[in-house]
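> just coords:
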């Protein structure tokens, strides 16, 4: 038996999702290698391979994590959910006040001993999604009720998002939207959800006012300036460069490694990597990547249709929504449908530990698919 | 119930899926709009903004054979600041702007106050500008200093510190040989070595990705260190020019130009054995005196006048139709020929004399009658016409006078020698006689010199050349060896006679007044009428051209030299009076400076001793002992240490004084040269700061002070 077919037999679960993961990983290595061309010159004296190696090692480690999470039965996550929340909340609080300042935002916490910085919200996001999935499935029988279902779910969500928002509004937005999506699919009453949106607005308004009082802790200034930029006639530099990249690619792209805009496009290896993908692989390549994310969501809806009530299906749906929403928002920024945020393209952007959490998400989704596949209808 | 729930879930899932797909379609549509519908606009914006632009390569140097720089490229730096560099952090800018502005206004641009500079930089940052000029044409040291300023020291990406290297051409010798070294400029034909060897000096342009930061000023700055194609440095050119001779030649020529208030002049010195051009001076009149405006030596064909008589007499000698002791009638310096008169420049009143004498006194009549007699069209017994002019012209061709020298510098003019009996060349019965004394023929000064050089070189015609080597990064890439154009332009006996004639000119002839007892040289004077238009209007004389061409020393010629001075207006016009002294001065000073030349002078008794005895000179014992011994100076006293001081005492002896230096004390270095002082002080761990040149006259730390308390010492030299 060849290695390939053995791997195929070993990797139970949704083969399509496995394929999506593999494709995204390969694309990531290609594009990151290309777009760090300029960055590598600047920081490492021309050693582009440094980033290639670092990124590949992180990806490889991430895939190991994926496999580990895939092996675990997804019910284990359900048990762990409250504990994860207990870790996430203080971590977030700590980050706001004492976290490392990278790229002007306090989103990071430095892990003691190993010196690795992680974005605590990445961890919190997964914890919250698992927690919400657990609550929704637990309360399925009285899910339309306000006091016993809606409230116990929404309070932790709001609390968590409020903690993330000061330093990373866009991540908080993605997370909040994901939770809404999960509640929507989990049959929570629509009237309460509308109420929730209203509440979200109120919380944001309060935060904004708080930011005016404590500008060091809440980045209201950046939010408003980004919004102002978005509305301006003259587009911000990044957007101009991003559009030049997209236009340069035309339908078929300039070819792998031929990006010119990577030299002018700030964050071409993370926030604006999608522009580089279109520049090098054309609109067709860009469309293909977009299709991969949509396909990921389609595959998780399949899980729901198979077992609509299970915690597993809900958590898989939640995690894939998290990825897809972030991916779509990232792309929307690149084509200037949304103001500039700090969102990366999940699974593709260069970005150390957040990549690891994406891998964990994939692992959990695959773990669920493994058991749902085995359900005979 | 269960199916209801399932339906509700499914409906909601599909609504969600629809929303996601809709969002994706929206995003993709926007991407298509950017890429397809607005594509042209963005692509041209990209092209206009970013380009591979040529990067100037460092131009090769022009050197002399002993390694002095005639032209060299000094790197200069255009420094600018990108206050919106993509890697710059808000905090970094804010934290450093005050000190940066202070340093910039103090060390770079005084027209700003620190506050003013600060406000300016902040404004530029807020206006999203990417280019703030800091300093253009900064030297390397200035660039290094500025690169250490706060913020700037973080480099281009994080600190917005943008440096563009350019090159400035420097000529360490200033105007010396300016025309020969030449230049390459836009919109002007290239000149001199720079121009002719541009393809070697130029190197290869590189290419670098650059971004347009100011459309109006067409200002491009490089994209970080992203250099796609490295420029290749140009190769160096080693010239044969000898700057000492060049200096001598130019100064001598300039003095004559001034004294005689002439129009233009040129002087060339060539090495006899090799054909190496050692000095080329060209001076043309401008509103502000005489400047190297045109390469007359190469580019200006002239009617050579009397200097051409050497070719005439050599042709006659080669054809064995005359011998030097033949008798000739000069008819008191006048001769009628086809109704025109040939007149000698110098009144001599001679009738019967020898051919040798006729040459030495530069008699036009003598040359014209000989040529007329031997090469004129005659009839034989049967009455047939015999044309013999070809014979004479063929001799000139044998001397290679019809060919350019082939020197590898742009702009050499071709010689002009008439084709016999050609109506196109307006050949007439008068052509040959007039050619015999250097009219109706055009040669450049360099071509005349090459011919005389061949005579000096016993008949071997050398190709004049000015580039002896091409070097790549200090290593020899190509060597140019002397090239023999013709092994023998004439028979041995003709050459020997020609040499004797030229020596005779100096000893007994027209150049007698510039002869010297110190050494012997040979040469020929020339005094030509400028714009001499015999055929059209014989009386039109607008001026003279004085020349002298020869070689020295006569016995074993080392250098040949030509001097041509056009239209001297004051203090005479004869070649011997105007050009001859320049030749003498060049030869004299060459003898004085080239030690190997004047053995005989060295052997003469040393008289005039004026030297200055050393006073309070300090140095190492061995060094001083060597000096004292070498100059044979009388000394007394003994040295009891490694360092000694020499002190002159009356009347002319020197006292040797012990100078003690303790290892752990600051030594007394007053009286030392800089090299010794640095050695003594730096060995004791002191950092030395130096002001002035010469010997140390003062030191900032008192001698005998214990080391350790001090790190720096300042020396004053005088």
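Ah, there it is. Computed from a predicted model, the values in this text were never measured in an experiment. Residues are numbered from 1 along each chain as shown, chains lettered A, B, ... in the order given.
> pull the longest helix from chain B.
Determined from DSSP state H, the single longest helix within chain B is helix B:2-32.
> ok, chain A next?
Assignment by DSSP H; longest helix in chain A turns out to be helix A:273-306.
> does residue B:644 sit in a helix, a strand or a coil?
State at residue B:644, reduced to three classes by DSSP: H, G, I helix; E, B strand; the rest coil: strand.
> now residue B:693
Going by three-state DSSP, the secondary structure assigned to residue B:693 is coil.
> give the contact list for it.
Residue B:693 makes contact with B:674, B:717-718, according to Cβ atoms under 8 Å, 6 or more residues apart in numbering or on different chains. Just so you know, the C-beta spots here come from the backbone N, C-alpha and C atoms, and that holds for glycine as well.
> just the ones of these in helices?
The helices, defined by DSSP H, take in residue B:674 from those.
> now list the buried members of the contacts of residue B:693.
Burial by neighbour count, judged by 16 or more other Cβ atoms under 10 Å in any protein chain shown, picks out B:674, B:717 from these.
> any buried residues in the longest helix of chain B, and which?
B:9, B:12-13, B:16, B:20, B:23-24, B:27-28, B:30-32.
> is chain A contacted by that helix?
Yes - Helix B:2-32 is in contact with chain A by Cβ under 8 Å from any Cβ of the partner chain, via B:5-6, B:8-10, B:12-14, B:16-17, B:20-21, B:23-24, B:26-28, B:30-32.
> quick check, nearest of the buried residues of helix B:2-32 to residue B:524?
Using Cβ to Cβ, residue B:31 is the member of those that sits closest to residue B:524, with 86.9 Å.
> check contacts around the closest one.
Taking Cβ under 8 Å, 6+ apart as the test, what residue B:31 contacts is A:246, A:278, A:283, A:286, A:335.
> ok, and the closest non-adjacent residue to it?
Take residue B:31 and drop its neighbours on the chain: the residue closest to it by Cβ to Cβ, 6 or more residues apart in numbering or on different chains is residue A:335, 5.0 Å away.
> phi and psi next, for that neighbour.
phi -90, psi 10 (degrees, to the nearest 10).
> grab the nearest non-local neighbour of residue B:504.
Closest residue to residue B:504 apart from its sequence neighbours, by Cβ to Cβ, 6+ apart: residue B:360 at 4.7 Å.
> again with residue B:680
Nearest non-adjacent residue to residue B:680 (Cβ to Cβ, 6+ apart): residue B:667, at 5.0 Å.
> relative to chain A, how far out is the one you found?
45 Å (Cβ to the nearest Cβ, to the nearest Å).
> in contact with that residue, which residues?
If you count contacts by Cβ under 8 Å, 6+ apart, then residue B:667 has B:661, B:680-681, B:684, B:703 around it.
> quick revisit: ok, now which ones touch the residue nearest to residue B:504?
Going by Cβ under 8 Å, 6+ apart, residue B:360 touches B:501, B:504-505, B:508-510.
> change it to 10 Å
Listed by Cβ atoms under 10 Å, 6 or more residues apart in numbering or on different chains, the contact partners of residue B:360 are B:353-354, B:366, B:501-512, B:524.
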